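> predicted structure and sequence below. I'll ask about it afterward.
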Amino acid sequence: MAGGHGQGHGHGHGHETYTVPDYRIYKVEDVPLLVRTRNALASHGLKDPWLRNEVWRYDPKEFGTEASNLRKLFLRGFKLGFGAFVLTMVGTEIYDRYYPSEHGHGHGKGHH
């Protein structure tokens, strides 16, 4: 018995079956970068028969655009980071008021 469950692999576990999309919906012509790649290969007398298999990676509805991915990368933790920054500044100010520096009278003008 496969998998020790009395069922074949992937059967009878309540998982939905995957639907393989029709290969004809993926066109290299829909992705400018892949068109340039195909043309560059052709200029050297080469052809990539599997290039169409890369089209799905460039679907902006599924994976976003380069710009949106960069925004997500750099701004992902901004709210949390900014909140931590403000909390640190407020905490430091409160600490400084309750435990003032013993190096003199405040941050004097040039007196170090």
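Yes, it's here. Bear in mind the structure is a predicted one, so any value in this text is a computation, not a measurement. Numbers count the residues shown, from 1 in each chain.
> hey, let's count contacts and neighbours off CA atoms from now on
Noted.
> mean confidence for the longest helix seen in the chain?
The single longest helix within the chain, with elements called by DSSP state H, is helix 78-98. For helix 78-98, mean pLDDT rounds to 95.
> I'd like the distance from that helix to the chain centre, please.
28 Å (Cα atoms, centre = their mean, to the nearest Å).
> go on, stretch 42-57?
Going by Cα atoms, centre = their mean, where stretch 42-57 is centred and where its chain is centred differ by 26 Å.
> just stretch 41-51 next, same as before
With Cα atoms, centre = their mean as the basis, stretch 41-51 stands 30 Å off its chain's centre.
> contact partners of it?
Stretch 41-51 has contacts (Cα atoms under 8 Å, 6 or more residues apart in numbering) with 28, 34, 38.
> would you convert the residues you listed into TSV that also reports neighbour count?
Below are the contacts of stretch 41-51 laid out as TSV (neighbours: other Cα atoms under 10 Å):
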residue	neighbour count
Val28	19
Leu34	18
Arg38	19
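> nearest to Lys79, of these?
Lys79 has its nearest neighbour among the contacts of stretch 41-51 in Leu34, at 36.3 Å by Cα to Cα.
> any idea how far Leu73 lies from Glu66?
10 Å (Cα to Cα, to the nearest Å).
> can you give me the buried ones in stretch 18-34?
Across stretch 18-34, burial judged by 16 or more other Cα atoms under 10 Å covers 26-28, 31, 34.
> Asp59: which of the residues you listed is nearest?
Closest to Asp59, out of all of those and judged by Cα to Cα, is Val31, at 8.6 Å.
> reduced to three states, what does the closest residue to Phe63 other than its chain neighbours come out as?
Nearest residue to Phe63, sequence neighbours excluded (Cα to Cα, 6 or more residues apart in numbering): Arg57, at 7.3 Å. Per DSSP: H, G, I helix; E, B strand; the rest coil, the secondary structure class of Arg57 is helix.
> again, but for Pro49
Note that with three-state DSSP, the state of Pro49 is coil.
> count of neighbours near it?
8 (other Cα atoms under 10 Å).
> state the distance from it to Leu41.
For Pro49, the distance to Leu41 - Cα to Cα - is 11 Å.
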